[in-house]
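Asks: Would you be able to build a 3D model of this:
(chains A, B, C and D)
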2 protein chains.
Amino acid sequence: MDAPKARKPTVKSVAIEAGVSIATVSAVVNGATWVPEGTRLRVEAAVQRLGYRPNRLARGLKTNQSYTVGVIVSDITNPFFTEIVRSLGLTLNRLDRNLVLCDSDHQFELGRKNFMMLLEKQVDGIVLIGDTVKDELLAEHIAATGSAPVIAIERDYDRPDVSRFLVDARRGAREATRHLLEQGYERLAMISGPSEGPGSTTFSRTETIEGFTSELLAWGFDVDPKMIVAGNYRYDGGREAMEILLGRTHAPDAVFVDNDLMALGAMQVAREHGLLIPKDLGIVGFDDIPGAALASIPLTTLSVPRVEIGEAIANHLLDRIADPETCPPVRRFFKTRLVVRMSSTRLQDHPAKSQSSILKQE
Amino acid sequence: MDAPKARKPTVKSVAIEAGVSIATVSAVVNGATWVPEGTRLRVEAAVQRLGYRPNRLARGLKTNQSYTVGVIVSDITNPFFTEIVRSLGLTLNRLDRNLVLCDSDHQFELGRKNFMMLLEKQVDGIVLIGDTVKDELLAEHIAATGSAPVIAIERDYDRPDVSRFLVDARRGAREATRHLLEQGYERLAMISGPSEGPGSTTFSRTETIEGFTSELLAWGFDVDPKMIVAGNYRYDGGREAMEILLGRTHAPDAVFVDNDLMALGAMQVAREHGLLIPKDLGIVGFDDIPGAALASIPLTTLSVPRVEIGEAIANHLLDRIADPETCPPVRRFFKTRLVVRMSSTRLQDHPAKSQSSILKQE
DNA sequence: GTGAATGACTGAAACGTTTAAGCTATCTTG
DNA sequence: CAAGATAGCTTAAACGTTTCAGTCATTCAC
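Replies: Residues are numbered from 1 along each chain as shown, chains lettered A, B, ... in the order given. As a prediction, this is how the structure comes out:
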């Protein structure tokens, strides 16, 4: 009466079509070597004819591998994270794996939900970007048998069983601070990550603060804790922090900011206050997101090898998945590179420097 | 001798632990109503004790739903796409679904690979962002029985079975063009998407060109096809296109650009050529990415409701998954909103306008 | 010409779920 | 009190794979 309610083709239908057993079909599909040319072609023809595609869910159930890795990122909108995720995803795709993306929206609660979900989905590995997954969670679930390997970036979990891919933020911070001092700035301030809640436990936060203060001390300055104000790693957080700094009786003449998003916000506020950049105020950011170079005043910043990090994570993860024994967790560091742009170059006679205040608008 | 090689707990282990059948465990886990308080608590206790978490792969295999939707995006790095994906992902998470992200890197070949992979992974739905998935592919695989619903944005696939969430780019383009003309610009040019290859079949590309030309014609200008040059929707493409335009004997005094990334690139080139923006050259972009407002000269652009689009996609997709009959594919439009900033306001006496050329640097 | 080895293939169990159908004891109803 | 309904549970078959242990010819070594 009506068209035969065709179901999706399976190994079974292919087997029947090709006149072999399902085991043979499976062998052909998975490229076993023992199948002779003749049968192989017969099976392949059947596959073609029926448009058969293996069901990866079923395969995963049997082989206990989902060929999927999960990523939990606190905010995919942060260009720094976006590029890492992209590089990671492209590399995984190349290696025939998929990436399920969870944005935890800076919330512990979502981070938790995402983490659970990924485990239930039997992901082969988990990449944590940001610090919205608390370590209790990790403790609880890595201890469980057969857990997927975990790689964290941006957070130095104190567990030997999670790999950490970190940026040498302390060295970077010292370099940035030194640069500002060399440019003749004298009242340095810093805008860092939040002091509590999500973002407060990032590796970068503590390390940059230490780098900043130790460099200042090395130059004989003393460090006023009031000059280190907490932001939230977002644009508006940079704005708020800068407002606070400019409200101080002894306002800074330079500020080192823990990420570019906040640096951009801070810069904007400074200009709204009528400050000339870099003359009245020097700014150095962190991350070197695309927007840094394109800002009204191009932003001096610490560049981080994002593509390299993404690829390294993917490769390490797959190595660990393949054989956790021969590939133990690592704690690897990536170096930053100071990219000097206009926002901090008071000494070199930059053509635009003296007039930059004219730019302030709105 | 050695520790009992504990496996991951399953319904079975829970059943044994609680002294009931696996069917009962399943019932409790899935919140069936018929299980009396007593047994329910007993089972829940067992779940707790063993740390049981259902295996979603197995569940998916049985129920034929993976609780996962796939996204293929031509470049997640484009902030416009990033925000849509984010909104989509957050909404899906809220509805207890995951999102597997595939970046096709502007390549048809990757788009194809990703599409196949997603189908094999039995995703419940596919969202196409960009045009790296060719329609032959869709034709071939949607025709197949039991295919997942597909939603496209940025590309108006000519198939009644795919939902399309589009931006009313023509109307937007007309509004942008009118705005430029009202500001007194007279030699308008346009930078659009690529004329062939990936990007060339986006809805926006043809629609903006039509909107642009029809508005010009309505004002009595005639349209020189040479004044519409193809970019690639990326920053560098905007730069190249602008170089071409500025090389023309009759260089334009205003340019409407099909997306902000290219607009930013174009703006940069114009300034490197010593042009004053908006005095010598007016620019209007499309998308209103965060960077647009923060650019050296804040960019006039057409704002698109990204968060709303992401949410709408998620909701529609889940409706379609739940019941394809009562929820047929749709073709929905979203309106743009012209956000006027400095890059195009020649008439209003903007404080910074006359000096903006000073800014050019590097 | 026997036994072993090889080549080509198949049967069936298993992976962890869901779910329809069945079963038993108790409760209702007339 | 018989017949049916219901509550509370279990059995077992699926879902689409992979894979291990066979099977059955054929070939090979001696």
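Asks: alpha carbons only for contacts and neighbour counts from here, please
Replies: Will do.
Asks: Tell me which stretches of the stretch 251-362 of chain A form strands.
Replies: Remark: strands assigned in the stretch 251-362 of chain A by DSSP state E, counting those that start in this stretch are A:254-257, A:282-287, A:300-303, A:331-334, A:337-339.
Asks: does the most centrally placed residue in chain A count as helix, strand or coil?
Replies: Closest residue to the average C-alpha location of chain A: A:Phe81 at 3.8 Å, with C-alpha atoms, centre = their mean. Secondary structure, DSSP: H, G, I helix; E, B strand; the rest coil: A:Phe81 is helix.
Asks: so what pLDDT did it get?
Replies: Turning to A:Phe81, the model gives it a pLDDT of 97.
Asks: so who does the closest residue to A:Gly89 other than its chain neighbours touch?
Replies: Leaving aside its sequence neighbours, A:Gly89 sits nearest to A:Leu99 (C-alpha to C-alpha, 6 or more residues apart in numbering or on different chains; 6.0 Å). The contact partners of A:Leu99, taken as C-alpha atoms under 8 Å, 6 or more residues apart in numbering or on different chains, are A:Thr68, A:Val69, A:Gly70, A:Val71, A:Gly89, A:Leu92, B:Val100, B:Leu101, B:Cys102.
Asks: among the strands of the stretch 251-362 of chain A, which is nearest B:Ile209?
Replies: Nearest of these to B:Ile209, taken as C-alpha to C-alpha: strand A:282-287 at 36.9 Å.
Asks: what's the residue in the stretch 151-300 of chain A that chain B sits nearest to in contact with, if anything?
Replies: Nearest residue of the stretch 151-300 of chain A to chain B: A:Ser296, at 3.4 Å (C-alpha to the nearest C-alpha). Each residue near A:Ser296 by C-alpha under 8 Å, 6+ apart is listed here: A:Leu359, B:Leu294, B:Ala295, B:Ser296, B:Ile297.
Asks: Show the average pLDDT along stretch A:272-289.
Replies: So the average pLDDT for stretch A:272-289 ends up being 96.
Asks: so how far is that stretch off the chain centroid?
Replies: Chain-centre distance of stretch A:272-289: 25 Å, with C-alpha atoms, centre = their mean, to the nearest Å.
Asks: near chain B, anything from it?
Replies: No. Using C-alpha under 8 Å from any C-alpha of the partner chain, stretch A:272-289 never reaches chain B; the gap is at least 10.9 Å.
Asks: what residues does chain A put near DNA strand D?
Replies: Counting by C-alpha under 7 Å from any atom of the strand, the residues of chain A lying close to DNA strand D are A:8-12, A:22-24, A:26-27, A:29-30, A:52-56, A:58-59, A:61-63.
Asks: Now the buried members of those.
Replies: In those, burial by neighbour count holds for A:9-11, A:22, A:24, A:26-27, A:29, A:52-56, A:58-59, A:61, counting by 16 or more other C-alpha atoms under 10 Å in any protein chain shown.
Asks: all strands for the stretch 101-250 of chain A, in order.
Replies: Going by DSSP E, counting those that start in this stretch, the stretch 101-250 of chain A shows strands at A:125-129, A:150-153, A:162-167, A:188-192, A:228-230.
Asks: okay, those strands, which one's buried deepest?
Replies: Scoring these by mean neighbour count under mean count of other C-alpha atoms under 10 Å in any protein chain shown gives strand A:188-192 as the most buried, with a mean of 27.
Asks: Let me see the residues that make contact with the lowest-mean-pLDDT helix or strand in chain A.
Replies: Every helix and strand of chain A was ranked by mean pLDDT, DSSP states H and E. The lowest is helix A:135-143, at a mean of 83. When contacts are defined by C-alpha under 8 Å, 6+ apart, helix A:135-143 is touched by residues A:Arg112, A:Ser147, A:Ala148, A:Tyr157, A:Asp161.
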